[in-house]
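# next input, structure requested:
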Amino acid sequence: MGKTLVLLGLCCSLLGCVKLEIKPGDVVADTVDAGKDLYRTIQRKRSGEEERRYTHTVESLAVGGDTVNIRRCMTQIQENIATTGQISSVVSESSEVLNTEGVRKIQCEMVVLVIPD
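Predicted structure coming up:
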């Protein structure tokens with residue numbers, strides 16, 4: 001009984017120091033997102049798929065502009081992926097033009113679902 005009172009007293013003293021704020025909109029959205037992620041993870045595990053993130057950087061060639069260089073970067077990523085397994089689907093693609101010390105580079109990223117060999 002004495003230990004319980006000490007524990008309750010300790011908890012009550014800490015309540016004044018700790019402030020917990022929960023925003024209902026964030027909780028609902030975060031819970032829905034977590035549920036979707038869990039569902040996708042289970043679905044992928046059953047089908048044998050793995051989500052993988054690949055990045056690659058190439059120097060920007062003057063010929064063709066950024067669009068051609070981004071496509072070239074993405075193609076190189078796909079060639080690298082082909083050696084590790086079969087692409088089931090592309091989850092997302094992104095690219096960024098970097099200017100480092102006067103050298104233009106294209107950095108691209110691809111998130112894919114892969115069926116390992």
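
# other SSEs contacting whichever strand or helix holds I115?
Assigned by DSSP states H and E, I115 falls within strand 103-116. On a contact count with 3 or more C-beta pairs under 8 Å, 6 or more residues apart in numbering; DSSP states H and E, strand 103-116 meets strand 50-59, helix 65-82, strand 85-100. Backbone N, C-alpha and C define where each C-beta goes, glycine included.

# what bridges to I106?
V58, V97 (DSSP bridges).

# list the contacts for it?
The neighbours of I106, taking C-beta atoms under 8 Å, 6 or more residues apart in numbering as the test, are 57-60, 66, 69-70, 72-73, 95-98.

# select only the buried ones of those residues in ChimeraX?
This is the ChimeraX syntax for the buried subset of these, where burial follows 16 or more other C-beta atoms under 10 Å:
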select :58,60,69,70,72,73,95
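
# related to what we said a few turns ago, helix 65-82 and the strand holding I115, what's the angle between them?
With axes from the mean of the first three to the mean of the last three C-alpha atoms, to 10 degrees defining the directions, strand 103-116 sits at 30 degrees from helix 65-82.

# just the closest of the contacts of I106 to V114, please.
Closest to V114 out of the contacts of I106 is C73 (18.7 Å), distances taken as C-beta to C-beta.

# look up how far G65 lies from that closest one.
13 Å (C-beta to C-beta, to the nearest Å).

# following element in sequence after the helix or strand of the chain with the lowest mean pLDDT, please.
In the chain, the helix or strand scored least confidently by mean pLDDT, DSSP states H and E is helix 2-15, which has a mean of 57. Toward the C-terminus, helix 2-15 is succeeded by helix 24-47 as the next helix or strand (DSSP H and E).

# stretch 110-117 - what's its average pLDDT?
The average pLDDT within stretch 110-117 is 82.
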